[in-house]
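Asker: coordinates only, no sequence provided:
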């Protein structure tokens with residue numbers, strides 16, 4: 001006969017942690033001569049409860065008993081209790097020894113936070129089970145408890161946000177079926193699969209094993225919920241399934257004709273009881289010894305890398321099942337160097353995670369873990385290789401500091417000094433936060449964790465390459481297009497994609513330009529031609545020859561033509577009038593009026609519009625002379641008598 005023992009049979013880590021804690025505290029209490037009690041059975045197994053009682057650990061079942069006890073140590077059982085029990089223990093002056101399963105503690109946190117936020121809470125589980133009663137005791141509003149499809153009708157039809165949790169030992173398949181129906185019923189629903197991983201694995205193994213054997217033995221206390229579920233699952237696969245508490249309950253005649261027998265046990269069943277049942281049927285206990293060895297072999301140490309599963313996530317911490325007697329915690333700072341990262345946005349329950357052990361006990365029985373240190377160690381190797389090979393690295397700017405930028409490369413911090421951020425002075429480094437930047441390493445010191453980056457070098461090299469490419473293809477007279485990079489009082493600098501060209505104020509228009517900033521703004525697109533190349537300097541111009549107004553000026557402004565223009569500037573000897581952009585004409589002081597005037601400002605001011613007659617045109621010198629006096633005479637306007645007499649005398 002072949003006897004197959006389930007790998008997951010017996011204590012889960014939460015139960016083992018609670019039992020180990022109880023026996024350890026029993027020894028301490030005996031030494032300190034302090035009364036010690038468990039609040040309810042430490043686990044659902046009479047044998048364990050009796051063994052503890054033999055060590056001096058008594059049990060209380062009612063909260064009212066706390067007031068009649070002398071100052072004592074009260075052990076909270078693995079199933080957990082409601083908040084009111086904690087409060088009453090403290091009020092009565094007792095010391096709390098908390099042996100609640102970490103998985104259950106996680107549920108307490110979820111239900112407290114969700115009900116405080118106003119969520120409707122649904123607990124999937126047995127309403128009479130102590131674990132479920134304890135979970136309910138952490139809710140700030142009345143939860144709904146269901147365990148079967150028939151109870152869905154008792155839930156409200158419409159509500160706000162809904163949170164769903166489960167008893168840790170609930171049937172995983174049944175939980176999944178109920179959740180599917182709840183998700184159809186409610187729109188805004190958050191489902192937290194709080195079934196213990198060990199429970200789910202145990203149920204899966206029982207289902208598979210019972211389908212392959214002739215007889216299935218399920219060992220556990222009659223009051224154990226998870227053992228009952230193992231029996232129900234096994235019974236569905238194997239008709240010859242038997243539920244026993246100890247070897248005394250097993251009728252060995254039922255296995256006489258079986259060729260294969262499977263054994264599993266609830267999470268609260270001690271190994272010694274499993275061994276007794278196993279040995280009664282097996283000729284060798286080698287398989288059982290192997291099972292014990294697997295359990296004894298698993299331990300953790302500081303610095304160890306372990307694989308785990310995420311069983312709970314909050315914005316600031318992740319709870320990880322590492323298959324140890326206690327759960328592990330990854331804080332926000334040990335997950336990532338990203339400031340204020342909300343961990344619920346990057347991981348979820350059920351995700352596998354590889355972590356490094358920082359502390360085996362944080363003082364509260366939890367293991368302190370780090371995710372980022374593993375990523376950082378991988379990044380160190382990446383940085384070293386990049387440093388040695390002068391490779392370009394990419395990273396995200398996590399923070400702008402006073403002296404430079406802190407850049408993350410796979411959770412490793414690289415510092416780029418402000419002087420090496422760009423090839424020009426950067427007044428505002430904040431604009432880089434959140435951006436991905438490229439750089440090379442100029443310093444790599446693993447001992448001091450000092451990694452210095454240089455972004456300026458890449459920018460300079462890129463500009464030099466672009467400049468070479470630009471100068472190789474441009475020539476004087478060529479039309480180019482660029483973007484206004486800077487505007488000054490004397491001109492505008494145009495980025496041509498590799499080098500800047502200067503568009504001097506005198507080359508901005510055929511006309512007069514007083515202020516370049518009134519014409520150009522940073523970012524404007526400009527099409528100009530190259531007037532001159534002198535080394536690495538490029539002079540640009542917008543005074544295209546085909547747009548030169550003097551090309552048609554001789555025809556437009558022939559002598560005798562009447563024109564209208566605006567006074568642009570004045571001197572003592574006359575006023576300059578703009579006829580069109582690029583063409584100015586001189587209106588001499590003697591030609592401004594019919595009467596004699598001392599200076600142009602006596603009758604004119606800048607901006608005045610005047611109408612005059614062209615009296616002289618010298619195309620070679622680009623000079624045009626105007627006369628208002630001649631224009632007025634042509635219009636029949638007579639000069640004052642004094643002026644007329646003087647003109648006649650001058651004529652003689």
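Answerer: Okay, I see it. Note that this is a predicted model, so its numbers are computed, not measured.
Asker: could you use CA atoms for every contact and neighbour count after this?
Answerer: Noted.
Asker: residue ranges of the helices in the stretch 251-400 of the chain, please?
Answerer: Taking DSSP state H, counting those that start in this stretch as the test, the helices found in the stretch 251-400 of the chain are 271-281, 286-297, 332-335, 372-389.
Asker: could those go into TSV alongside mean neighbour count, mean pLDDT and distance to residue 247?
Answerer: Listed next are those as TSV, based on neighbours: other Cα atoms under 10 Å; pLDDT from 0 to 100; distance: least, Cα to Cα, whole Å:
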stretch	mean neighbour count	mean pLDDT	distance to residue 247
helix 271-281	17	86	5
helix 286-297	13	49	16
helix 332-335	20	90	48
helix 372-389	17	86	48
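Asker: residue 626 contacts residue 615, correct?
Answerer: Yes. Using Cα atoms under 8 Å, residue 626 is in contact with residue 615, at 5.5 Å.
Asker: turn the helices of the stretch 251-400 of the chain into a markdown table, including distance to residue 600.
Answerer: Output for these, formatted as a markdown table (distance: least, Cα to Cα, whole Å):
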| stretch | distance to residue 600 |
| --- | --- |
| helix 271-281 | 117 |
| helix 286-297 | 108 |
| helix 332-335 | 79 |
| helix 372-389 | 74 |
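Asker: which one's more surrounded, residue 626 and residue 615?
Answerer: More crowded of residue 626 and residue 615, by other Cα atoms under 10 Å: residue 626, with 28 against 20.
Asker: can you classify that one by secondary structure?
Answerer: strand (DSSP: H, G, I helix; E, B strand; the rest coil).
Asker: tell me what it is bridged to.
Answerer: Residue 626 has these beta-bridge partners by DSSP bridges: residue 587, residue 614.
Asker: all strands of the stretch 301-450 of the chain, in order?
Answerer: Assigned by DSSP state E, counting those that start in this stretch, the strands in the stretch 301-450 of the chain fall at 305-314, 317-321, 328-331, 352-359, 367-370, 393-400, 404-409, 412-417, 436-445, 450-454.
Asker: the fourth one: how far from the chain's middle?
Answerer: For strand 352-359, the distance between its averaged C-alpha position and the chain's averaged C-alpha position is 20 Å (Cα atoms, centre = their mean, to the nearest Å).
Asker: again, but for the first one
Answerer: The offset between the C-alpha centroid of strand 305-314 and the centroid of the whole chain comes to 19 Å, using Cα atoms, centre = their mean.
Asker: name the residues of it that are buried.
Answerer: 305, 308-314 (16 or more other Cα atoms under 10 Å).
Asker: leaving out chain neighbours, which residue sits closest to residue 544?
Answerer: Excluding the flanking residues, the one nearest residue 544 by Cα to Cα, 6 or more residues apart in numbering is residue 529, at 7.6 Å.
Asker: er, residue 397 I mean
Answerer: The spatially closest residue to residue 397, leaving aside those adjacent along the chain, is residue 407, at 4.3 Å (Cα to Cα, 6+ apart).
Asker: what's residue 458 in contact with, if anything?
Answerer: Residues in contact with residue 458 (Cα atoms under 8 Å, 6 or more residues apart in numbering) are 438-440.
Asker: roughly how far is the strand or helix carrying the residue nearest to residue 544 from the heart of the chain?
Answerer: Per DSSP states H and E: residue 529 is located in strand 525-534. The chain centroid and the centroid of strand 525-534 are separated by 46 Å under Cα atoms, centre = their mean.
Asker: likewise for stretch 534-548?
Answerer: Here stretch 534-548 shows a centroid-to-chain-centroid distance of 50 Å under the convention Cα atoms, centre = their mean.
Asker: and for stretch 614-632?
Answerer: Using Cα atoms, centre = their mean, the offset of stretch 614-632 from its chain centre is 74 Å.
Asker: list of residues touching it?
Answerer: Residues contacting stretch 614-632 (Cα under 8 Å, 6+ apart): 550, 554, 557-563, 584-588, 591-594, 611-613, 638.
Asker: which of those residues are buried?
Answerer: Judged by 16+ other Cα under 10 Å, buried ones among the contacts of stretch 614-632: 550, 557-560, 562, 584-588, 591-594, 611-613.
Asker: where does the chain have low pLDDT?
Answerer: Low-confidence segments of the chain (pLDDT under 70): 197, 282-299, 325-326, 362-365, 641-652.
Asker: state which helix of this protein is the longest.
Answerer: helix 13-32 (DSSP state H).
Asker: let me know the next secondary structure element after that one.
Answerer: As assigned by DSSP H and E, the chain's next helix or strand after helix 13-32 is strand 36-39.
Asker: which strands or helices does that next one pack on?
Answerer: strand 57-60, strand 73-76 (3 or more Cα pairs under 8 Å, 6 or more residues apart in numbering; DSSP states H and E).
Asker: which of those is buried the deepest?
Answerer: Of the helices and strands packed on strand 36-39, the one with the most neighbours on average (mean count of other Cα atoms under 10 Å) is strand 73-76, at a mean of 24.
Asker: tell me how far that one is from the chain's mean position?
Answerer: Strand 73-76 sits 42 Å away from the centroid of its parent chain (Cα atoms, centre = their mean).
Asker: what sits against residue 71?
Answerer: Counting by Cα under 8 Å, 6+ apart, residue 71 has contacts 34-35, 92-95.
Asker: neighbour count and distance to residue 489 added to those residues, as a markdown table?
Answerer: Below are those laid out as a markdown table (neighbours: other Cα atoms under 10 Å; distance: Cα to Cα, whole Å):
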| residue | neighbour count | distance to residue 489 |
| --- | --- | --- |
| 34 | 13 | 90 |
| 35 | 18 | 91 |
| 92 | 15 | 84 |
| 93 | 15 | 83 |
| 94 | 20 | 83 |
| 95 | 15 | 81 |
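Asker: now for these: which two are most distant?
Answerer: Greatest spacing in these, by Cα to Cα: 34 and 92 (15.2 Å).
Asker: so where do the helices sit in the stretch 51-200 of the chain?
Answerer: Counting by DSSP H, counting those that start in this stretch, the helices of the stretch 51-200 of the chain are 83-91, 102-116, 130-136, 172-185, 197-210.
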